[in-house]
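A.B. asks: Need coordinates for the below:
(chains A, B and C)
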Amino acid sequence: MTSSPASPHDDIQIMRDLVKDYRDGFALPRHFYTSEAVYEHDLKAYWNGSWIWAGHVSQIPEPGSFFLFDYGPESVIVVRDRENTVQAHLNVCRHRGSRVCLKDSGTARVFSCPYHAWTYELNGRLRGARDMGSDFDRSDYGLFPVHVRVFQGLIFISVAENPPPIDDSLEKLAPLTEPFGLEQLKIAHSASYPVPANWKLALENYMECYHCAPSHKEYSRSHSLKDPRDMVELIEPLKERSLQVGLPTDEIYWTGSDAPRPVADIYYSRYPLYPGYKTGSQSGELLAPLLGQLSDFDGGATDLQIGPLNNFLVYSDHIVCYRFIPRSMQETDIQIVWMVNGNAEEGEDYDRETLTWLWHVTSQDDERIIRHNQEGVSSHGFVPGPLAEMEWGIRAFYHGYLNLI
Amino acid sequence: MTSSPASPHDDIQIMRDLVKDYRDGFALPRHFYTSEAVYEHDLKAYWNGSWIWAGHVSQIPEPGSFFLFDYGPESVIVVRDRENTVQAHLNVCRHRGSRVCLKDSGTARVFSCPYHAWTYELNGRLRGARDMGSDFDRSDYGLFPVHVRVFQGLIFISVAENPPPIDDSLEKLAPLTEPFGLEQLKIAHSASYPVPANWKLALENYMECYHCAPSHKEYSRSHSLKDPRDMVELIEPLKERSLQVGLPTDEIYWTGSDAPRPVADIYYSRYPLYPGYKTGSQSGELLAPLLGQLSDFDGGATDLQIGPLNNFLVYSDHIVCYRFIPRSMQETDIQIVWMVNGNAEEGEDYDRETLTWLWHVTSQDDERIIRHNQEGVSSHGFVPGPLAEMEWGIRAFYHGYLNLI
Amino acid sequence: MTSSPASPHDDIQIMRDLVKDYRDGFALPRHFYTSEAVYEHDLKAYWNGSWIWAGHVSQIPEPGSFFLFDYGPESVIVVRDRENTVQAHLNVCRHRGSRVCLKDSGTARVFSCPYHAWTYELNGRLRGARDMGSDFDRSDYGLFPVHVRVFQGLIFISVAENPPPIDDSLEKLAPLTEPFGLEQLKIAHSASYPVPANWKLALENYMECYHCAPSHKEYSRSHSLKDPRDMVELIEPLKERSLQVGLPTDEIYWTGSDAPRPVADIYYSRYPLYPGYKTGSQSGELLAPLLGQLSDFDGGATDLQIGPLNNFLVYSDHIVCYRFIPRSMQETDIQIVWMVNGNAEEGEDYDRETLTWLWHVTSQDDERIIRHNQEGVSSHGFVPGPLAEMEWGIRAFYHGYLNLI
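C.D. replies: Residues are numbered from 1 along each chain as shown, chains lettered A, B, ... in the order given. Take a look at the predicted model:
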């Protein structure tokens, strides 16, 4: 150990050296999951440089409707302004930094800071600030704008100054998701599963189905993704059915080194459920009215990824949205949102408990798995092992992640 | 990002650069409220270099009476010695560092360490240490002395080797506070309001009344400080009444760049309550017997500050003492002590609940405000905004703080 | 404070400077008990470079029997393999690092990772890993082996690549402990006393009896170690009795600078109980059947230390095993294991509550003492004081510790 500035007890320098030494196709070293400095860097460089799925337009139906979305130390106000446009602002007062909006969701005419009553328009402009003297120019002190992209009703935000250019990718994706009528969805249920692990271990868990067979018996009963051989066998019949019900069968694999740009990944692939399963249900039966323009179920499920952080699982009758929200270096919320056809009525057209059963039990499994993964990775003796081919999704994630670090 | 020693991932260097770049009249950057290294530095350089209000002589009425005062990792024994002098010692055994005194307050003949029974006199001298060999000289191992200044019964301590010279300031202050008979006070009630925020945000909250009108409706009903225009209107009649009841009307504004020395600030200013309010009560009526030599109430309240960390609000019939004790980087105790005339009897001359009502509800508000302030300041997107004129007290605090860092 | 790379805000450099400046015969400075970087270093350099007492062979009676032993972020599987040999493996999957074994103890035929089902033999060899491609060589990915030494039934492990050579020391020790029949012991009770203090303060507390007289009245009633003068007076009669019951009276003082190698300390010394005490009991009477080949009690107790981290107190009828497990920088588990003759039956030959009384009450005292020690040591004003002669054990510990840092 030397006393040079790059001596190995500088956590950021250690991280840089590890990035240089990283061996493609292997897991990441301990340091990425145990260092506070790396965690800070993750938030600043990766999360704040990415597009993040914040919610759905159905949450803000009219001018003044808003909701908060938060991760790490960040909070964002997503609001429909007077011109009916979805906007987003950093939820930080331009005066001395208080949270401006304290309610999780609601309808507002303005946002008035609870500390000194600086008051902002729905579009973020500073409307009033008492006694700030004559030199003060209100137009300099609007809420910091946050970038917004609304894709078929899904709202993505980015606090980056220059977010990853994702518009071409979304254009490419649009015809594939169009039949699902994503814009007309409504949220049926939301749940959060806190796990004492670094956010990357939670995301990695979602990015591979190598663990499905040993770890998720309920999922594995119905989803062929758990076994590539089964999937190959079942894929052609699925494609036929997909076309019949009105779904294109194209795929998009723009991830990792194939992504148009780091963290601008797009992935779209529909895979077969096992015979007898119309959707991701316990019984095999549908759980809710068909989505969008579908004429029937096709017995498939789409793995949809928009940017590396945002995952959607699209059945014929509902969508399960997954994100992994960092709370601290080793605290992560696995957040799941179930969405159904906007016309569906709870109690009549779907039952909340039945609808959410599969991914509730699966997430409980995952919480346990991810927790034990963190415990082992925290060992000073951990040496990253080789990824299985089925773990290509993790490799793709690392590609973008390590590029942005 | 460079690899030089001043590379931006050295938290103390970041702090130094920020001090250099600080823009006068603006809030402090995020780093000052989120860095463990800055917090450590705050304790060592600022708190341990300051005078801190520890308590009142009425707490230690006779030789051997003592109480503990603690902040951050420090604990100080404040004790009246056999010669009737108020002394203070670091509550750390000179052997292997155990806390010596474990009781919050009481009466002692000696302080005997609970670990190995090293025993100290009230004046800190080591009286006994078993089996330490012939080379051991007890006179080398007394408890470390802590500086003490008693000002009209208020006990201030400083663990600094050379505390800020404050005697001239206290001499200047003495005739202004003399009529309140501070030495004859007694403690009526103490309360602590823990807030998950850096101590500076809690102190800053107290240092300005720009937030009073929007945030504290109870306070604002009675205290004209919330509106400088009202204050100007009411100040001359107050001065007349003050003189009539026996109070000088001088003011002292030795704060910030006007302080004789950094962290040796003194501030004394009496401001009007609104008509109908004799004191800081809900009803407007007095809450306790008049203080000291006052012949009547004057309808005013004195903002008194002795050093930047110690704040007192002096009504005609009681005093509210405020301090903001750091517990960890983002944990602070808002400590309030209510004092009344030493002759007053609880239940007869004052009612504890009525007495403490105003600053209890106000502190509950403040806890919420300060918490939300920390949440927003923790955002990587926070950019310090301009201070209002009414926030001059924060500016003064920053002046001393940044000088000492 | 300079801006050189060795500037004093580099925690590891501060530690190195303090090691250089360390004054023999004095306590360690604050930094060793308050720095996260030092704690990490302690685990990597000291704990992971030492022999640690993991358990007893009676816990794994047959092939496949296993138990987990963990400290800091490490977890070790101790298992009896098919060839009846005690083996130990790092409990970290060679794939992506999950804990492999989740049960505290039990019997296994293989260890199958709960994440992706990589499956390991009892001897650690990787037996199965699905779909890893043709390049994958299972023999490269066995569980990392952990060194094992079984000494008269006591199992020691070390995760070091080259653990301290301790075999000569154990050979020297063997005849002294042989009469106790350590191999035939069984565990009567285990308990854990969490203390909010750095592990070194907990260990130091055990390493000296200077605190026994003032802090442990129950222990001091029966154990002459609390007073060297009493011990000297009683030692010769004890030696006579020891020889009569079949115990050698040699002693081994290979600790500190007299240790054959740092952290390869061995200490064996039998000291007298006070008259009327046959063992460490409240009544003075025996608590369990005599150990091993002893023909009678001798009224003594052996302080036995194997490596600086592992302490055993051997009475004529039971053994109390002590270790101080780091959980975080200021969280330590005081772990105690009571062992008795393997033939003894609970309820018949011993009563669990009576057996454990002394070291239960003593450990409750110690928890309090150690906690207050940490509180005082955390003060920025703490200056390490001189050690008493009775604290030579701490000095010995520092010798090895500072050498390995």
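
A.B. asks: any idea how far the most centrally placed residue in chain A is from B:R352?
C.D. replies: Centroid check for chain A by CA atoms, centre = their mean gives A:N310 as the closest residue, at 2.6 Å. Between A:N310 and B:R352 the computed distance is 55 Å (CB to CB, to the nearest Å). Where C-beta positions appear, they are placed from N, C-alpha and C, glycine not excepted.

A.B. asks: Residues of chain A that sit close to chain C?
C.D. replies: Applying CB under 8 Å from any CB of the partner chain, we find that chain A lies next to chain C at A:1, A:3-5, A:7, A:9, A:27, A:30, A:34, A:204, A:210-211, A:213-215, A:228, A:368-369, A:372-373, A:375-390.

A.B. asks: buried ones in the longest helix seen in chain A?
C.D. replies: Longest helix in chain A, counting residues (DSSP state H): helix A:352-377. Of the residues in helix A:352-377, A:355-360, A:362-363, A:365-367, A:369-377 count as buried by neighbour count, 16 or more other CB atoms under 10 Å in any protein chain shown.

A.B. asks: Next: stretch A:122-131.
C.D. replies: A:122-124, A:126, A:129.

A.B. asks: low pLDDT regions in chain A?
C.D. replies: By pLDDT under 70, the low-scoring segments of chain A are A:1-9.

A.B. asks: try 50
C.D. replies: Residue ranges of chain A with pLDDT under 50: A:1-8.

A.B. asks: ok, which stretches of it are helices?
C.D. replies: Going by DSSP H, chain A shows helices at A:11-21, A:31-34, A:36-41, A:167-177, A:199-206, A:212-215, A:217-222, A:228-245, A:352-377, A:392-404.

A.B. asks: most packed of those?
C.D. replies: Greatest average neighbour count among the helices of chain A goes to helix A:199-206 (a mean of 25), per mean count of other CB atoms under 10 Å in any protein chain shown.

A.B. asks: Tell me the gap between that helix and the middle of its chain.
C.D. replies: Computed by CA atoms, centre = their mean, to the nearest Å, the chain-centroid distance of helix A:199-206 equals 11 Å.

A.B. asks: Kindly report the same for stretch A:361-381.
C.D. replies: 20 Å.

A.B. asks: picking that back up, what's the spacing between the residue nearest to the centre of chain A and A:E161?
C.D. replies: From A:N310 to A:E161 the distance is 20 Å (CB to CB).

A.B. asks: before we move on, what about A:L170?
C.D. replies: Distance from A:L170 to A:E161, by CB to CB: 20 Å.

A.B. asks: what's the answer for A:S220, then?
C.D. replies: From A:S220 across to A:E161, the span is 44 Å (CB to CB).

A.B. asks: Check which helices and strands the longest helix of chain A is in contact with.
C.D. replies: Where contact means 3 or more CB pairs under 8 Å, 6 or more residues apart in numbering or on different chains; DSSP states H and E, helix A:352-377 is packed against helix A:31-34, strand A:185-195, helix A:199-206, helix A:212-215, helix A:217-222, strand A:331-341.

A.B. asks: Dump those into a markdown table; add distance to chain B as well.
C.D. replies: Conversion of the helices and strands packed on helix A:352-377 to a markdown table gives the following (distance: least, CB to the nearest CB, whole Å):
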| stretch | distance to chain B |
| --- | --- |
| helix A:31-34 | 14 |
| strand A:185-195 | 18 |
| helix A:199-206 | 16 |
| helix A:212-215 | 35 |
| helix A:217-222 | 36 |
| strand A:331-341 | 15 |
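
A.B. asks: I'd like those as CSV, with distance to A:F151 appended.
C.D. replies: Formatted as CSV, those follow (distance: least, CB to CB, whole Å):
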stretch, distance to A:F151
helix A:31-34, 30
strand A:185-195, 12
helix A:199-206, 20
helix A:212-215, 28
helix A:217-222, 27
strand A:331-341, 14
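
A.B. asks: Figure out which of the ones you listed is closest to C:N343.
C.D. replies: Smallest distance to C:N343 across the helices and strands packed on helix A:352-377 (CB to CB): 43.5 Å, for helix A:212-215.

A.B. asks: In space, what's closest to A:G133 - neighbours in sequence excluded?
C.D. replies: Take A:G133 and drop its neighbours on the chain: the residue closest to it by CB to CB, 6 or more residues apart in numbering or on different chains is B:E389, 6.1 Å away.

A.B. asks: distance between stretch A:80-93 and the chain's centre?
C.D. replies: Distance, centroid of stretch A:80-93 to centroid of chain: 21 Å (CA atoms, centre = their mean).

A.B. asks: how about it against chain B, any contact?
C.D. replies: Yes - for stretch A:80-93 and chain B, the contact criterion (CB under 8 Å from any CB) is met by A:90-93.

A.B. asks: With just CA atoms, put that stretch into PDB.
C.D. replies: Presented in PDB, the C-alpha positions along stretch A:80-93 are these (Å, rounded to 0.1, in the frame of the first residue of the first chain):
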ATOM      1  CA  ARG A  80     -50.200  18.100 -15.400                       C
ATOM      2  CA  ASP A  81     -50.000  21.800 -16.000                       C
ATOM      3  CA  ARG A  82     -52.700  24.200 -17.000                       C
ATOM      4  CA  GLU A  83     -52.000  23.500 -20.700                       C
ATOM      5  CA  ASN A  84     -52.600  19.800 -20.000                       C
ATOM      6  CA  THR A  85     -48.900  19.000 -20.500                       C
ATOM      7  CA  VAL A  86     -47.100  16.500 -18.200                       C
ATOM      8  CA  GLN A  87     -44.300  18.300 -16.500                       C
ATOM      9  CA  ALA A  88     -41.800  17.400 -13.800                       C
ATOM     10  CA  HIS A  89     -39.900  19.600 -11.400                       C
ATOM     11  CA  LEU A  90     -37.300  18.900  -8.700                       C
ATOM     12  CA  ASN A  91     -39.100  19.000  -5.400                       C
ATOM     13  CA  VAL A  92     -36.500  21.300  -3.900                       C
ATOM     14  CA  CYS A  93     -37.200  25.000  -3.100                       C
END
